[in-house]
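Enquirer: sequence and predicted structure, then a few things I'm wondering about:
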Amino acid sequence: MRSYSFHGGVHPPEYKELTENCAFEIIPLPEEIILPLSQHLGKEASPQVKKGEDVIPGQLVAKAEGFISAPVHTSVAGKVISLGKELTSSGFPKDSIVIKSNGAVEAQKLLLPQLNPETISPDEIRTRVAEAGIVGQGGAAFPTSVKLSPPKDKVIDVVILNGCECEPYLTRDYRLMIERPDDLISGFKLIMKALGVKRGVIGIENNKPDVIKLLSEKIKHEENLEVISLKTKYPQGAEKMLIKAVTGKEVPPGKLPMDVGAVIQNMMLAQLFRISERQLQFTMRL
């Protein structure tokens, strides 16, 4: 299979062998969690719980405030012990909700109405994405529902699922593709449906031949999906470089991928769109 790329780039030592064969594990429940109200680009979410209130996994604890904003949900069962400024991983204090876990391992209650993945409309997909608080994984944490709602004058021709993982050491996306290929493909098709796009491309660096083979086999009967092999180098997974490699188009300075008819989504977001046989459900486990 031919490998595509962009001009330039570097190939630092990968060190993928340190974790590439380590399967996902579920970490023990923490005794306490801190949920910043600003986990996304835009206006911070508004608290919907009070000190002393009991909560269950998946419960909305802060609602979105405006179009570019995202709600916050708790990932544990327990009690709200404080609302105020807390030091976060950013190194700065932010308005947060602190929840003390009660240690209970509870089945997640269905807090969102069931939806049929076969008949769901693009608007319903965007609404569910917004309700679930799904955001991008870049530095801005851009709300995904906004990314799935391009202006009407922006015609999207292709959605690219970013499976490059070009940074040294990182292997999470690799493990997602190996362990959960069906979830990824199902989620990818829902992303395409939300955008009304007929062409979907999964871009994977050629240092992952087993994944390229696996996903190529999984989509062999999907006429609107394709897997493209990409040269292994940094920053192959950057949006503009990935678009250049896959489509040959260059995103002009100051412009966005949608200006050249493309939308990029990452592997974790596709996984968050996972579906079961009975309902469309978005995973909110942290």
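Expert: Ah, there it is. Keep in mind that this is a model prediction, so the values were computed, not measured.
Enquirer: next SSE downstream of the longest helix seen in the chain?
Expert: Secondary structure assigned by DSSP state H gives helix 181-195 as the longest helix of the chain. Heading C-terminal from helix 181-195, the first helix or strand you meet, by DSSP states H and E, is strand 199-205.
Enquirer: in that following strand, what's buried?
Expert: When neighbours are counted by 16 or more other CB atoms under 10 Å, the buried residues of strand 199-205 are found to be Arg199, Gly200, Val201, Ile202, Gly203, Ile204, Glu205. To be clear about C-beta, it is placed using only N, CA and C from the backbone, and glycine gets the same treatment.
Enquirer: with pLDDT and distance to Gln39 added, can I get those residues in CSV?
Expert: Formatted as CSV, the buried residues of strand 199-205 follow (pLDDT from 0 to 100; distance: CB to CB, whole Å):
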residue, pLDDT, distance to Gln39
Arg199, 97, 32
Gly200, 97, 28
Val201, 97, 29
Ile202, 97, 27
Gly203, 97, 27
Ile204, 97, 28
Glu205, 97, 29
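Enquirer: between those residues, which sits nearest Asp173?
Expert: Each of these was scored against Asp173 by CB to CB, and Ile204 proved nearest at 9.1 Å.
Enquirer: excluding chain neighbours, what is closest to the closest one?
Expert: Using CB to CB, 6 or more residues apart in numbering and skipping the chain neighbours, the partner closest in space to Ile204 is Gly163 (4.2 Å).
Enquirer: for the one you found, grab phi and psi.
Expert: Listed backbone geometry of Gly163 is phi -110, psi 20, with angles given as degrees, to the nearest 10.
Enquirer: same thing with the one 3 residues further on?
Expert: According to degrees, to the nearest 10, the main-chain angles of Cys166 amount to phi -80, psi -10.
Enquirer: Met177 too?
Expert: Taking degrees, to the nearest 10 as the convention, Met177 sits at phi -70, psi -40.
Enquirer: enumerate every residue touching it.
Expert: When the contact criterion is CB atoms under 8 Å, 6 or more residues apart in numbering, the partners of Met177 are Gly163, Leu184, Ile204, Lys208, Val211, Leu214, Leu215, Met267.
Enquirer: that's all I had, so thanks and see you.
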